[in-house]
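K.L.:
model this:
(2 chains)
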Amino acid sequence: MVWLSGGMFAIACLMIVSLLAFVLWQGLWTLWPRTYSIYGRKDGTLVGGELYAKASLEGQETLYLRTGNYDVSNQHFAYVSSSELVEQSGWLAPDLWLVERKEWGNLYGFPKQLSWAQASPEDFVRLVQEGMRQTAKIDRELGEAKNELKRIDHNIAEARLGIRRVELAERIDLQKAAETGSLEGLSPSARDAVSKLVLRNRQADEMMVEINDRIARLEAQRAERTVVFELPILDPLGTITADWTDLSAGRLRDPNGLAELLGGGEDSSGLSFSAEPMGDAGLSDPGVEDQRLVCKVTIPGEPTRRLMIRRLEDGRSSVEAFREHSILLADMVRFFPTNRLGIFQRLGVYASRWWEFLSGDPREAGMEGGFFPAIWGTVVMTIVMSLAVMPFGVLAALYMREYAKSGWLLSVIRISINNLAGVPSIVYGVFGLSFFCYIVGGYIDGGPIKAGFEPWPSAAWFSALGGLAIVGLIAFAVSIFSGQAEARRSPMRTVLRWSAGLLWLLTLGLIVWLLVKSPHFHGFYEAQLPNPTFGKGCLLWAALTLSLLTLPVVIVATEEALSAVPNSLREGSYACGAGKWQTIHRIVLPYARPGIITGFILAMARGAGEVAPMMLVGAIPLATELPLDGEFPFLHGSRSFMHLGFQIYSLGFQSQNSEAAKPMVFTATLLLLSIVTVLNQTAIWLRASLRKRFQTSQF
Amino acid sequence: MNRLKAIADGQTFESVIHQEVLDRDPVVSIRDFSLFYNRKQALYNITMPVAKGMVTALVGPSGCGKSTLLRSVNRMNDLIESVRIEGDMVLNGESIFAPSVDVIALRKRMGMVFQKPNPFPMSIFENVVYPLRIDGERDKTILMQVCEQSLRGAALWEEVKDRLSESGLSLSGGQQQRLCIARAIASDPEVLLLDEPCSALDPIATGKIEDLIDRLRGEYSILIVTHNMQQASRISDHTAFMYLGRLVEMAETSTIFTRPRLSETEDYVTGRFG
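P.N.:
Okay, here's the model as predicted:
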């Protein structure tokens, strides 16, 4: 038995450790800058890539390469079988740059030329860095201009909403007045609304011209500077005849016919030519078809070009050019010669990538760049959820443990709550969508009709209101009477207490029913309809759905913490003449606090990692606005938001190129895991430290 | 032993209360008091006085209802749902069980100390002034004054005066129990109820508590439950012997221990049964 149980224990440990190690390894490795090797294929083409993995498929070794250059090659990643390759170790070209771009992902290539300066390759780094600083400024100004445009649009939309509100309130049509701007025969409020729109429209017209000019100018400036790269993709130029031995030794200044191929005519004077072998085996390999050279050719007055010369069987050599590709300087985020970096430079790039990951906005539909909106969305949603679940859970548990009389009803409720913790989370998602988003949200947006209820006629509704007042009064009277000493001793006390409770329930139900059937409420956001404000998935409903989901955790933990408070403390407090609430608030709650906080943090950890309901009630793959920002009213409950867990799902399985997003998925997983771990660790630490404070020298 | 057997058989029984006890001015008078847990009766028609300024000990074998009686005095049994009572008690001329009585106000007039020390999870200072805190007292000087007074009264001041802000749970068991006594006397109670205050303590701590009770004699009226005969004889002025929910005999302590009227009492205090 000891072997069996020990073995199971070992297997469990192994599974946990391997899961953690796998995520840790993949997550930490993704952002590490790797070297970029260029391999020659046997069919004469080149393939380059950062080596992500080596796998053995059907007995053949296969390389998994991140090829980049998506805009030219149409792929981010490629599987290459090693049998296709001329040599197994690639060529680590020393002056190859890795460029991270705002669009199209990484570019790998040799910088050839800058559009704004004539410079030798040694100066490129400095010039590009300077240029990027300037384009960053341009981008900033562009962003400001676009924000101004947005603000103008927002102002006009607001004025239109004002008109719509007046239309709804006064049941008139202001369409014409808004178009013409004439104020004749309008009520004062309508006049205000229309003149506001007219004013804003005029202001917008004036400003728009200037801003659009500015944007056009900035866009032009932005497009001015380009960098030309030579990518490791070959375009054939032609063939030359030259002695291969001289060629490979770099002795020929001007191989026959090369100048012609390059379009420089017959005159080859001034052409400088240097050759370097590609890869280790470039020359030593005896096979003719494997012999190739990469040459740099400099024509006076023009930037150096890279050519690939390959020996053909008939003594001639084919010449192919590296494909040129020009990109905007403004699109560059980061660049470095990836094959030439020392360990510290690599660490620097690694740190800067992590910083961007944690604090930056996503690029390329989330496949590159930062996760900040997702982290922020997760954190804000979790905090709102905590604020919602905390009072609910703690008060409910307090009632069950301290006030309620134990009996079958309480047991049934307690069992139901425990079972609630086991309900699959997608069920909560469906409930949140159908109840919170469509019914409650629809009600807030457009009143009972929008939420799908038929309102009563006015007279019936008002008589029902009278009925509610009477029932409420009776409930109040009965509960006052049942609390009195004489009633408490009478044999009717149980009946009285039950009827008071039922009457209150009835009152509550009536209030809800009257709200639902009101003919006089048309929603707070009627003017925005048919665009939903709260009637869709958004932060508020996501937080409330999750708080429902974590409610059992909080209740159970709080109940346990309360029942762990020794009864002697309660008795001691009562004996001092303290009332029930005084005892609870001065003795019981402080004593139970560590347990309550622990349960609360566990609930937060559970909520932060929950994905399934998020898909239904508000998380979206790419949100332009943050749910909590510096704009009034700061917390925007009606906004959709990005969520880490959902991001993992949507990147890994829903994006157009999920293969390319896979590394990012692991990094996001690592981040989510560490957030949850930090929360759990805080809970454990908090519990330990508070316990210590309360339980020293308890004999 | 016949009377005890009669009690066990459920026959009616007349308690013997010596005249010297009845002559004293009572702080609490228990009048024909019975108590039921659901249908099970735990106390049977108990009538006895608790003399003002004196220490009255309740003795008897386990389960005889001494603690239940003590906890009825400040109505701690109200907290148990199934308890029902008959009869009444009177505290300084005012009824304890009348329907109009405010239980909270009533409990504030008494102090209670339990078997196991139960200091609250707060500082020593806050522990002592807890009864004032719940009355909303905020004046630091008054609180400090009461704290010092009570701790001196409980003979704890010298030991803790330099660490009033430390947790009450950092004290030793005996100190914790004296802290509870200090808390009980902080609101200047009319009667002090001690429920086997030394049963969880070692002999040295017990001795200190007994010395303390001796010092409090005269200043406070004390009703103490104990199952330790020596303790009862050492510290109490009056002793009441209970058996199976009935009061058997009550007299001055010396009388009970030397020449009780009933042989059953003598058998019990001399350790021949129980």
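K.L.:
contacts and neighbour counts: CA atoms only from here.
P.N.:
Will do.
K.L.:
Show me the contact partners of the helix or strand of chain B with the lowest mean pLDDT.
P.N.:
Across the helices and strands of chain B, mean confidence by mean pLDDT, DSSP states H and E is lowest for helix B:2-8: a mean of 75. For helix B:2-8, contacts defined as Cα atoms under 8 Å, 6 or more residues apart in numbering or on different chains pick out B:12-13, B:243-244, B:264.
K.L.:
And for stretch A:14-23?
P.N.:
A:666-667, A:669-670.
K.L.:
Show me which of the contacts of helix B:2-8 is closest to chain A.
P.N.:
Nearest to chain A among those, counting by Cα to the nearest Cα, is B:Leu244 at 24.8 Å.
K.L.:
where does B:Gly111 land in three-state SS?
P.N.:
Under DSSP: H, G, I helix; E, B strand; the rest coil, B:Gly111 falls in the strand class.
K.L.:
Secondary structure element holding the most centrally placed residue in chain B?
P.N.:
Residue closest to the average C-alpha location in chain B (Cα atoms, centre = their mean): B:Leu193, at 2.7 Å. B:Leu193 belongs to strand B:191-195 when assigned by DSSP states H and E.
K.L.:
Next to chain A, which bits of the stretch 1-150 of chain B? Give me the list.
P.N.:
B:74, B:76, B:99-100, B:104-108, B:110-114, B:116, B:118-121, B:130-131, B:134 (Cα under 8 Å from any Cα of the partner chain).
K.L.:
Need phi/psi at A:His325.
P.N.:
In terms of degrees, to the nearest 10, the main-chain angles of A:His325 are phi -150, psi 130.
K.L.:
Tell me, what's the model's pLDDT at it?
P.N.:
Note on A:His325: pLDDT of 91.
K.L.:
swap in A:Met15?
P.N.:
For A:Met15, the predicted pLDDT is 96.
K.L.:
A:Ile299 now?
P.N.:
The model reports A:Ile299 with a pLDDT of 74.
K.L.:
Kindly report the same for A:Arg489.
P.N.:
pLDDT at A:Arg489 comes out at 62.
K.L.:
show me the contacts for residue 200.
P.N.:
Went with chain A since none was named. A:Arg200 sits in contact with A:155-156, A:159, where contact means Cα under 8 Å, 6+ apart.
K.L.:
that answer is for a different chain, and I need it for chain B
P.N.:
Applying Cα under 8 Å, 6+ apart to B:Ala200 gives the contacts B:115-117.
K.L.:
I'd like these as CSV, with secondary structure and pLDDT appended.
P.N.:
Shown next, in CSV, are the contacts of B:Ala200 (DSSP: H, G, I helix; E, B strand; the rest coil; pLDDT from 0 to 100):
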residue, secondary structure, pLDDT
B:Gln115, coil, 89
B:Lys116, coil, 89
B:Pro117, coil, 90
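K.L.:
Give me the contact list for the helix or strand hosting A:Phe344.
P.N.:
A:Phe344 is part of helix A:343-359, with elements assigned from DSSP H and E. Outside helix A:343-359, the residues that touch it by Cα under 8 Å, 6+ apart are A:31-33, A:369-372, A:375.
K.L.:
quick one: which two of those are the most distant?
P.N.:
Across the contacts of helix A:343-359, the longest distance by Cα to Cα is 23.5 Å; it joins A:Pro33 and A:Ile375.
K.L.:
How confident was the prediction at B:Val73?
P.N.:
Value for B:Val73, per-residue pLDDT: 91.
K.L.:
Give me the neighbour count for it.
P.N.:
24 (other Cα atoms under 10 Å in any protein chain shown).
K.L.:
pretty sure it contacts B:Met89?
P.N.:
Yes - with contact defined as Cα atoms under 8 Å, B:Val73 reaches B:Met89; the gap is 7.3 Å.
K.L.:
circling back: and the nearest residue to the residue nearest to the centre of chain B once chain neighbours are set aside, how far from B:Val225?
P.N.:
Distances taken as Cα to Cα, 6 or more residues apart in numbering or on different chains place B:Met112 nearest to B:Leu193, at 4.6 Å, with adjacent residues excluded. In this view, B:Met112 and B:Val225 are 11 Å apart by Cα to Cα, to the nearest Å.
K.L.:
for B:Arg272, same thing?
P.N.:
Distance from B:Arg272 to B:Val225, counting by Cα to Cα: 20 Å.
K.L.:
And these two? Which one has more around it.
P.N.:
B:Val225 (26 against 10).
K.L.:
Return the residues in contact with that one.
P.N.:
B:57-59, B:66-67, B:70, B:194-196.
K.L.:
Kindly present these as TSV, with separate columns for pLDDT.
P.N.:
As requested, those are exported to TSV (pLDDT from 0 to 100):
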residue	pLDDT
B:Ala57	93
B:Leu58	93
B:Val59	91
B:Lys66	89
B:Ser67	90
B:Leu70	92
B:Leu194	92
B:Asp195	91
B:Glu196	89
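K.L.:
out of those residues, which is most surrounded?
P.N.:
B:Lys66 (31 neighbours).
K.L.:
gap between the helix or strand harbouring A:Ala136 and the chain center?
P.N.:
Here A:Ala136, judged by DSSP H and E, is contained in helix A:124-170. Averaging C-alpha positions (Cα atoms, centre = their mean, to the nearest Å) puts helix A:124-170 22 Å from its chain's average.
K.L.:
what pLDDT, on average, does it get?
P.N.:
Averaged across helix A:124-170, pLDDT comes to 88.
K.L.:
what packs against that helix?
P.N.:
Helix A:124-170 sits against helix A:188-224, with contacts defined as 3 or more Cα pairs under 8 Å, 6 or more residues apart in numbering or on different chains; DSSP states H and E.
K.L.:
Output the below-cut-off pLDDT ranges for the stretch 551-699 of chain A.
P.N.:
Residues of the stretch 551-699 of chain A meeting the criterion pLDDT under 70: A:693-699.
K.L.:
I would like the residues contacting stretch A:527-542, please.
P.N.:
Outside stretch A:527-542, the residues that touch it by Cα under 8 Å, 6+ apart are A:161, A:164-165, A:168, A:381, A:384, A:432-433, A:436-446, A:525, A:613-614, A:616-619, A:627, A:636-641.
K.L.:
just the buried members of those residues?
P.N.:
Among these, those buried by neighbour count (16 or more other Cα atoms under 10 Å in any protein chain shown) are A:161, A:164-165, A:381, A:384, A:432-433, A:436-446, A:525, A:613-614, A:616-619, A:627, A:636-641.
K.L.:
Mind checking which of those land in helices?
P.N.:
Counting by DSSP state H, the buried ones among the contacts of stretch A:527-542 place A:161, A:164-165, A:381, A:384, A:441-446, A:613-614, A:616-617 in helices.
K.L.:
Helix, strand or coil: sort out residue 87 for me.
P.N.:
You didn't say which chain, so I picked chain A. A:Glu87 - assigned by three-state DSSP - is coil.
K.L.:
meant chain B actually
P.N.:
strand.
K.L.:
do A:Val319 as well
P.N.:
The three-state label given to A:Val319 by three-state DSSP is strand.
K.L.:
measure the nearest residue to it once chain neighbours are set aside to chain B for me?
P.N.:
Leaving out its chain neighbours, the residue that sits closest to A:Val319 by Cα to Cα, 6+ apart is A:Ile309, at 4.6 Å. A:Ile309 is 85 Å from chain B, where distance means Cα to the nearest Cα, to the nearest Å.
K.L.:
A:Ile309 should be in a strand, yeah?
P.N.:
Yes - under three-state DSSP, A:Ile309 sits within a strand.
K.L.:
How many residues are close by it?
P.N.:
Applying other Cα under 10 Å, I find that A:Ile309 has 24 neighbouring residues.
K.L.:
Quick check: it touching A:Val297?
P.N.:
No - A:Ile309 is beyond contact range of A:Val297, at 11.6 Å (criterion: Cα under 8 Å).
K.L.:
So the closest residue to A:Gly595 other than its chain neighbours, which state does it fall into?
P.N.:
In space, and not counting its chain neighbours, A:Gly595 is closest to A:Ala561: 4.9 Å by Cα to Cα, 6+ apart. Following three-state DSSP, the label given to A:Ala561 is helix.
K.L.:
Please name the residues that touch A:Ala561.
P.N.:
A:592-596.
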